[in-house]
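Participant: prediction below, plus the sequence it came from.
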There are 2 protein chains.
Amino acid sequence: MIGLLGGTGPEGRGLGLRLRLAGHDVMIGSRDTARALAAAERVAAKVKGVSVESGLNEDVAMRAETVFVTVPYAGQRPTLEPLAGALSGKIVVTTVVPLQFDPYGASFLPIDAGSAAMEARGILPESRVVAAFQTISAHDLLNPEKRIDSDVVVCSDDESAKALIAGLAEEIPGVRAVDGGGLRNAVYVEHITALLLNINRVYRARAAFRLTGIEDDRK
Amino acid sequence: MIGLLGGTGPEGRGLGLRLRLAGHDVMIGSRDTARALAAAERVAAKVKGVSVESGLNEDVAMRAETVFVTVPYAGQRPTLEPLAGALSGKIVVTTVVPLQFDPYGASFLPIDAGSAAMEARGILPESRVVAAFQTISAHDLLNPEKRIDSDVVVCSDDESAKALIAGLAEEIPGVRAVDGGGLRNAVYVEHITALLLNINRVYRARAAFRLTGIEDDRK
């Protein structure tokens, strides 16, 4: 069972959809059971003949073996702090990027921990924290016809958790997982999100990126 | 005439070589005329039948219409400050990234200006500052047989300078220039350099990147 904490937004629903399409049991969490249920129904409606579970974030944290954190940055700490016990020993994938917006576009929001990934690790010292999926368009994930043309850089200090999430990522058609090294490198991937959002403004597009010059086994 | 300020290292010689191959007059600058001459001779040796000029940085700043800053971060301010007058009104392309290294790899060095690009603009208020080429491997630039498989994100608040440098970038075979918006976005590209260096360690490779999902006119 894969859980999406704060999974009612486009990122949570998009990842939930893609992971469900890949055959995993998926459970969408929220602070509000009705919102979680509504989001799960929206996802299930896109995948013929299957269901997606839903529940409060605390129920998702208990039941899922692996959870994704898919809240805006401001929600990461309030979402994770009460779940630290339930998430002990589990793989927690943060997709979060601290961003701020002004009339000139998006910019990276400086935070004490340096990155959302390092902050998540501080909140969940007993969990196996992985950072990934910060740069993939939720809009594209939500369209099951859309082949994702993007690498997903996976950063973690837990090598087996990193490998497991890299494998999950590559179950999404078009995604290649790239080993980004330790969790401290996630800050660079979070910065790429800000760049992509600004490039999207310039090109009126949904940009993603591929690394070149490394062993190429993209699916 | 295109000048390379502090152009005796791999980045300066690599860019000098590629711009010379594209047919531009190139002048390599240094604090030391003998070192500038030696670097110019090394570049010229790779391009049959042509020459590359050399001189002190101040001579390069006077003679070139467009200059590239190709020094390590610690050298950017000492190189540019005395040249602010000579570079007034000229296009100055900074390729600089503030980096620090420890046993775990490279990391972005936090600096007061936020980025090398914004720092360059502060030092050269009368110049047309552009940030570009931070992510291309100097090693690959120095090998004229090597087709560069990379986008170059070009950031500037001066639209015509940005367009001119984007055009120069695309004269290098394999390079596609991407409009990265204003100079403040250069900080994200500088962060990508740190990510690529860390990924190079993981993969024992020389990684670069391409954006996907935007209009594709790569050469």
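Facilitator: Great, that's in hand. Residues are numbered from 1 along each chain as shown, chains lettered A, B, ... in the order given.
Participant: would you agree residue A:43 falls within a strand?
Facilitator: No - using DSSP: H, G, I helix; E, B strand; the rest coil, the secondary structure at residue A:43 is helix, not a strand.
Participant: isn't it up against residue A:27?
Facilitator: No - using C-beta atoms under 8 Å as the test, residue A:43 is too far from residue A:27 to be in contact (10.6 Å). Heads up, the C-betas are built off the backbone N, CA and C, glycines and all.
Participant: distance of the most centrally placed residue in chain A from chain B?
Facilitator: Nearest residue to the geometric centre of chain A (C-alpha atoms, centre = their mean): residue A:95, 3.4 Å. The gap separating residue A:95 from chain B is 17 Å, by C-beta to the nearest C-beta, to the nearest Å.
Participant: kindly report the same for residue A:41.
Facilitator: 29 Å.
Participant: that residue: neighbour count?
Facilitator: Neighbourhood size, residue A:41 [other C-beta atoms under 10 Å in any protein chain shown]: 13.
Participant: chain B contacts on chain A?
Facilitator: A:104-105, A:107-108, A:137, A:149-150, A:153, A:178-182, A:184-185, A:187-189, A:191-192, A:194-196, A:198-199, A:201-203, A:205-215 (C-beta under 8 Å from any C-beta of the partner chain).
Participant: ok, back up a step: so the residue nearest to the centre of chain A touches residue A:68, yeah?
Facilitator: Yes - in this structure, residue A:95 is within contact of residue A:68 by C-beta under 8 Å, at 6.1 Å.
Participant: give me the common contacts of those two.
Facilitator: Taking C-beta atoms under 8 Å, 6 or more residues apart in numbering or on different chains as the contact rule, residue A:95 and residue A:68 both touch A:15, A:133.
Participant: residue furthest from the geometric center of chain A?
Facilitator: Max radial position in chain A (C-alpha atoms, centre = their mean) goes to residue A:103, at 26.4 Å.
Participant: sec struct for residue A:54, please.
Facilitator: Strictly by three-state DSSP, residue A:54 counts as strand.
Participant: ranges for the helices of chain A?
Facilitator: A:10-21, A:33-44, A:57-63, A:73-80, A:116-123, A:138-141, A:159-169, A:186-203 (DSSP state H).
Participant: now the fourth one: buried residues?
Facilitator: In this case it means helix A:73-80. A:73, A:75, A:76, A:77, A:79, A:80 (16 or more other C-beta atoms under 10 Å in any protein chain shown).
Participant: who does it touch, helix- and strand-wise?
Facilitator: strand A:66-69, helix A:116-123 (3 or more C-beta pairs under 8 Å, 6 or more residues apart in numbering or on different chains; DSSP states H and E).
Participant: how about residues contacting that helix?
Facilitator: Counting by C-beta under 8 Å, 6+ apart, A:5-6, A:57, A:69, A:71, A:87, A:92, A:94, A:96-99, A:109, A:111, A:116, A:119-120, A:123-124 sit against helix A:73-80.
Participant: how about JSON lines for the helices and strands packed on helix A:73-80, with mean pLDDT added?
Facilitator: What follows is the helices and strands packed on helix A:73-80, written out as JSON lines (pLDDT from 0 to 100):
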{"stretch": "strand A:66-69", "mean pLDDT": "98"}
{"stretch": "helix A:116-123", "mean pLDDT": "98"}
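Participant: of those, which is nearest residue A:166?
Facilitator: Proximity to residue A:166 (C-beta to C-beta) singles out strand A:66-69 among the helices and strands packed on helix A:73-80, at 12.7 Å.
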